[in-house]
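*Asks:* coords please:
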Amino acid sequence: MKNVIIVALSVLFFTHNATAKQLQFVTKNASSESQLCMEAATGVLSLKEIAEMSGISLKELDKQLKCNGQDISKFAGKFNHKVEKEPSVITENNFALISGHANKDAQLCVIAASGDLAKLKRAVRAQGLSVKRFAKYSSCNQQSVNDFVRQYGSEQAASQLQKYI
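*Replies:* Now for the predicted structure:
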């Protein structure tokens, strides 16, 4: 009998842990308040972003918006589902570039388009390459590095890079 109870408690414990990590948020209605509660809890939007969109302070947001009877900050704080936002690089042509891949070439492409040649040199050398080799033999979004920099960076950055080819 002890074995049955121990097995039952073990199954109950492990099932609880497995389901706690796979939370899925569902709203009863499609109201904008419910959507904001979900976005805050899942980390899609921060409380600061929600307050800015609403045009009110964080303190006022907490007073006005309740999620399941709780202040939105307490409700969102219960869930630790933060979405990591990748840092973007703003180029001279006002493109916000994000290296969507973790590979080093994608990161080098973003640095090249930013026009920061010194940073590009350091990053390329850290990989054991030269700027010339990177610019000549790598590709960015199925384009040559120079074409990518010309399209998303600036003409000046492309001409600086062209000197190494």
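*Asks:* can you give me the strands for the chain?
*Replies:* Ranges of strands within the chain are 66-67, 70-71, 89-90, 96-97, 139-140, 143-144, based on DSSP state E.
*Asks:* what bits of the protein have low per-residue confidence?
*Replies:* Residue ranges of the chain with pLDDT under 70: 1-25, 27, 80-102.
*Asks:* Domain map for it?
*Replies:* Here the domain assignment for the chain is 2-77, 89-162, based on automatic domain parsing.
*Asks:* Deepest-packed of those, please.
*Replies:* Across those, averaging neighbours per residue (mean count of other Cβ atoms under 10 Å) puts domain 89-162 on top, at a mean of 17. For the C-beta atoms, the positions are set from N, CA and C on the backbone; glycine is no exception.
*Asks:* Please tell me how far the closest residue to residue 33 other than its chain neighbours sits from residue 158.
*Replies:* Leaving aside its chain neighbours, residue 33 sits nearest to residue 65 (6.0 Å; criterion: Cβ to Cβ, 6 or more residues apart in numbering). Between residue 65 and residue 158 the distance, using Cβ to Cβ, to the nearest Å, works out to 48 Å.
*Asks:* do the same with residue 79
*Replies:* The gap separating residue 79 from residue 158 is 45 Å, by Cβ to Cβ.
*Asks:* Residue 113 now?
*Replies:* Distance from residue 113 to residue 158, by Cβ to Cβ: 9 Å.
*Asks:* wait, doesn't residue 73 sit right on residue 62?
*Replies:* Yes. Because the distance of 5.2 Å satisfies Cβ atoms under 8 Å, residue 73 is recorded as touching residue 62.
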